[in-house]
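Asks: need coordinates for the below:
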Amino acid sequence: MIALLIGAGLALLCALVGTPLFIRLLVRRGYGQFIRDDGPTSHHTKRGTPTMGGTVVVAAVLLAYGLTHLIMFMMNPDSPGPSASALILLFLMVGMGLVGFLDDFIKISRQRSLGLNAKAKLILQAAVGIIFAVLALNFPNEDGLAPASTKISLVRDLPWLDLAFGGTVLGAILFVIWSNLIVTAATNGVNLTDGLDGLAAGASVMVFGAYTLMGIWQSNQACGSPREAGSGCYSVRDPLDLALLAAIMSAALVGFLWWNTSPAKIFMGDTGSLAIGGAIAGFAILSRTELLLGIIGGLFVLITLSVIIQVGYFKATGGKRVFKMAPLQHHFELKGWAEVTVVVRFWILGGLFVAVGLGIFYAEWVVLL
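Replies: Numbering: from 1, shown residues only. Next up is the predicted model:
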């Protein structure tokens with residue numbers, strides 16, 4: 001628990017202090033956001049706002065995680081070091097962040113709203129996702145538990161939904177596909193949500209907060225733990241270190257949100273949204289709560305569905321629309337809601353989804369007592 005407090009405090013401090021320094025660097029170099037002409041007209045005033053703020057979030061997370069383990073080692077040389085699960089998740093976060101950084105840099109350097117073309121972006125994201133999935137099935141601990149499993153999970157692995165039903169090799173291939181679907185869905189969900197000042201950052205703070213609580217609980221109720229109660233123990237590799245990383249992610253985003261809230265002094269850009277989406281997907285896979293992510297990240301699901309519905313209906317009806325504009329947050333902007341009103345109400349909605357997800361997680365454990 002001390003490590004969680006140290007890590008969160010360091011991440012918060014790094015993001016709070018690092019973000020304004022990064023803003024000054026971007027302003028000196030003239031790296032500002034290019035605003036799409038087909039977006040809400042109120043957004044045109046945001047043209048030139050520094051972007052790529054996700055760089056600070058990623059850097060704060062890496063620095064805080066490394067320093068926390070160093071401090072814990074100095075306090076107690078027998079304390080466990082960085083875990084395989086956390087390092088694999090950090091790889092996914094940094095890899096997706098680099099894809100987003102390339103996308104943002106192309107937008108800025110060429111002064112256009114489109115960065116990497118869709119094919120190149122998809123290939124790079126798939127490459128990172130495949131490497132993550134392969135790594136996650138390896139590195140078993142002394143109990144033979146790997147960071148990830150070929151079983152599809154809700155609040156724990158579901159034995160009757162094992163992707164390895166046709167053999168180990170087929171199971172691994174199907175897991176790579178399944179893992180990439182989760183990663184793609186999460187990164188796109190956060191990316192689509194990142195359209196209003198502070199919306200994606202604030203919503204993600206709550207999601208990572210949920211994974212912090214679940215990691216602590218999974219550690220306390222780990223199979224073989226002296227605190228294990230009943231038959232509802234959890235077979236998760238490195239749950240406490242994952243909880244530490246989730247707390248660091250949440251705190252880093254709080255520090256960034258201080259500068260990203262309306263009127264934003266900086267945007268996270270694709271650097272941030274892809275890194276955050278990748279991290280959220282990683283937590284769902286490594287904590288064995290894959291299907292539960294659809295509820296905990298319900299706000300991201302809702303916003304993604306609004307785009308799917310809008311595009312599908314537009315094509316099916318030859319130009320008609322369900323919403324005034326998609327993603328969903330812009331629909332309410334065009335209905336006359338102030339940007340801050342949309343953000344706060346969507347935060348409330350996101351918090352309700354997180355609360356329901358945590359309720360399901362805990363209720364399942366109670367039932368198994």
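Asks: from the contact counts, what lies against the lowest-mean-pLDDT helix or strand in the chain?
Replies: Within the chain, confidence by mean pLDDT, DSSP states H and E is lowest for strand 157-162 among all helices and strands, at a mean of 90. For strand 157-162, the elements it packs on are strand 151-153, judged by 3 or more Cβ pairs under 8 Å, 6 or more residues apart in numbering; DSSP states H and E. Bear in mind the C-beta positions are built from the backbone N, C-alpha and C, glycine included.
Asks: contact partners of the strand it packs on?
Replies: The contact list for strand 151-153 (Cβ atoms under 8 Å, 6 or more residues apart in numbering) reads 157-159, 161-164, 178, 288-292.
Asks: at 7 Å instead, please
Replies: Applying Cβ atoms under 7 Å, 6 or more residues apart in numbering, the contact partners of strand 151-153 are 157, 158, 159, 161, 162, 163, 178, 288, 289, 290, 291.
Asks: and the average pLDDT for it is what?
Replies: The average pLDDT within strand 151-153 is 96.
Asks: equivalent analysis for stretch 352-369, please.
Replies: Computed over stretch 352-369, the average pLDDT equals 92.
Asks: just the CA trace of that stretch, in CSV.
Replies: Extracted as CSV, the C-alpha positions of stretch 352-369 are listed here (Å, rounded to 0.1, in the frame of the first residue of the first chain):
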residue,chain,number,x,y,z
LEU,A,352,-21.8,5.3,-13.2
PHE,A,353,-20.5,2.8,-15.6
VAL,A,354,-17.4,2.3,-13.5
ALA,A,355,-19.5,1.9,-10.3
VAL,A,356,-21.7,-0.8,-12.0
GLY,A,357,-18.6,-2.6,-13.2
LEU,A,358,-17.1,-2.6,-9.7
GLY,A,359,-20.4,-3.7,-8.3
ILE,A,360,-20.5,-6.7,-10.7
PHE,A,361,-16.9,-7.5,-9.8
TYR,A,362,-17.5,-7.6,-6.1
ALA,A,363,-21.0,-9.2,-6.3
GLU,A,364,-19.4,-12.2,-8.2
TRP,A,365,-16.9,-12.7,-5.3
VAL,A,366,-19.7,-12.5,-2.7
VAL,A,367,-21.7,-15.1,-4.5
LEU,A,368,-18.8,-17.5,-4.5
LEU,A,369,-18.2,-17.1,-0.7
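Asks: and that stretch, how far out from the chain middle?
Replies: 20 Å (Cα atoms, centre = their mean, to the nearest Å).
Asks: one step back: in its sheet, which strands sit next to the least confident helix or strand of the chain, and in what direction?
Replies: Partner strands for strand 157-162, per DSSP bridges, with pairing direction: strand 151-153 (antiparallel).
Asks: okay, helices next: where are they in the stretch 251-369 of the chain?
Replies: 269-286, 293-296, 298-317, 328-334, 339-367 (DSSP state H, counting those that start in this stretch).
Asks: hmm, I was thinking of the stretch 51-200 of the chain
Replies: Listed in chain order, the helices of the stretch 51-200 of the chain (DSSP H, counting those that start in this stretch) span 54-75, 84-110, 118-136, 168-193, 199-220.
Asks: okay, buried residues for the shortest one please.
Replies: To tie it back to what came earlier, the one meant is helix 118-136. For helix 118-136, a neighbour-count test (16 or more other Cβ atoms under 10 Å) marks 121, 124, 125, 128, 129, 132, 133, 135, 136 as buried.
Asks: and the first one, what does it touch?
Replies: Applying Cβ under 7 Å, 6+ apart, we find residue 121 in contact with 99, 103.
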